[in-house]
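J.: Next one to model:
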Amino acid sequence: MNHDKYDDAYISNILNTVKTVAIVGASANEVRPSFFVTKYLIDKGYTVFPVNPGQAGREIAGRPVVARLADLPEPVDMVDIFRPSAAIPGVTDEILAMDPLPGVVWMQLTVRDDASAAKLEEKGIRVVMDRCPKIEYARLSREIGWNGVNSRVISSKKPIMRKGFQSFGIRQR
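T.: Residues are numbered from 1 along each chain as shown. From the prediction side, this is the model:
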């Protein structure tokens, strides 16, 4: 897999099929990006499990926090990692010890470890590195354009809202 550039269909498929997410490094500090992402994914209908040993037993964005991936109360579809690149090999070992394995591992902006990505992909886990699911969701659903940000999606068609759970924003007619 070429992790320098991701096809929109690859990212869209992940965001449309994932329902449960563990966020490693979730912060209780409301001005931290990991808090924004946690809250945003919850608001979009995902079931989110914050993972932070310093906050274990408390809540972040109304969700109970666990200390480590092994403490998750149920299997997750995706692990989103807010840790520095140097920490990724250790997190990868924790992920590979999970049963069942998640289908996706997502590493946040500036986070990349190609060796860990290869180990995860050998086990059939899809990997995204140096991207943010909040930004990608907003870009692909064209929400980000509502704020005047270039989403790289151009259309003259009037968008209509989708109905239902985890609607992935808007779609073309």
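J.: Neighbours of Ile95, how many?
T.: 23 (other Cβ atoms under 10 Å). Every C-beta, even on glycine, is put in place using the N, C-alpha and C of the backbone.
J.: so it is in which element?
T.: helix 88-96 (DSSP states H and E).
J.: Mean confidence (pLDDT) on that helix, please.
T.: Helix 88-96 carries an average pLDDT of 98.
J.: now the helix or strand that that helix is followed by, how far from the chain's geometric center?
T.: Where DSSP H and E defines the elements, the next helix or strand beyond helix 88-96 is strand 104-107. Offset of strand 104-107 from its chain centre (Cα atoms, centre = their mean, to the nearest Å): 7 Å.
J.: ditto for stretch 63-77
T.: With Cα atoms, centre = their mean, you get 15 Å for stretch 63-77.
J.: what's the answer for stretch 125-133, then?
T.: On Cα atoms, centre = their mean, the centre of stretch 125-133 falls 7 Å from the chain's centre.
J.: Just the buried positions in it, please.
T.: For stretch 125-133, burial by neighbour count (16 or more other Cβ atoms under 10 Å) applies to Ile125, Arg126, Val127, Val128, Met129, Arg131, Cys132, Pro133.
J.: Thought Phe35 was touching Ala26, still the case?
T.: Yes. Between Ala26 and Phe35 there is a contact at 7.1 Å, judged by Cβ atoms under 8 Å.
J.: Same drill for those two, tell me which one is more crowded.
T.: Ala26 (25 against 19).
J.: Assign that one to helix, strand or coil.
T.: Under DSSP: H, G, I helix; E, B strand; the rest coil, Ala26 falls in the coil class.
J.: Since that was my last question, I'll sign off now.
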